[in-house]
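S.K.: got a predicted structure here, sequence first:
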Amino acid sequence: MASKKQAASTVYRVTEIIGTSPVSWEDAAKTAVETAGKSLRDLRVAEVSQLDMKVENGKVVAYRARVSLSFKYEG
């Protein structure tokens, strides 16, 4: 009888971050993930949960992306 490999139990943490960009929401989200990746290890999933814009004098000056980011928890 062949033994089955058992999957290791893993825990992930989810944190919310906000990226900004003067160019686009896509760039704001990318900036958020890439910046977080400099200090967090083993990033897994990034989910954009909200998009908004900063407005000054009736003009859009920045795009903001709120991102839920999951990474492997090493407690």
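M.R.: Good, I have the coordinates.
S.K.: the helices in the chain, which residues?
M.R.: Using DSSP state H, the helices found in the chain span residues 25-36.
S.K.: where does it dip in pLDDT?
M.R.: For the chain, the stretches with pLDDT under 70 are 1-7, 75.
S.K.: ranges for the strands of it?
M.R.: 12-21, 43-56, 59-72 (DSSP state E).
S.K.: buried ones in the shortest one?
M.R.: Residues of strand 12-21 classed as buried by neighbour count (16 or more other Cβ atoms under 10 Å): 17, 19-21. Placement of C-beta: from N, CA and C, glycine included.
S.K.: likewise the second one?
M.R.: For strand 43-56, the neighbour count (16+ other Cβ under 10 Å) marks 46, 48 as buried.
S.K.: going forward, the N-terminal residue is numbered 46.
M.R.: With 46 as the first residue, the last one maps to strand 88-101.
S.K.: cool, thanks, talk later.
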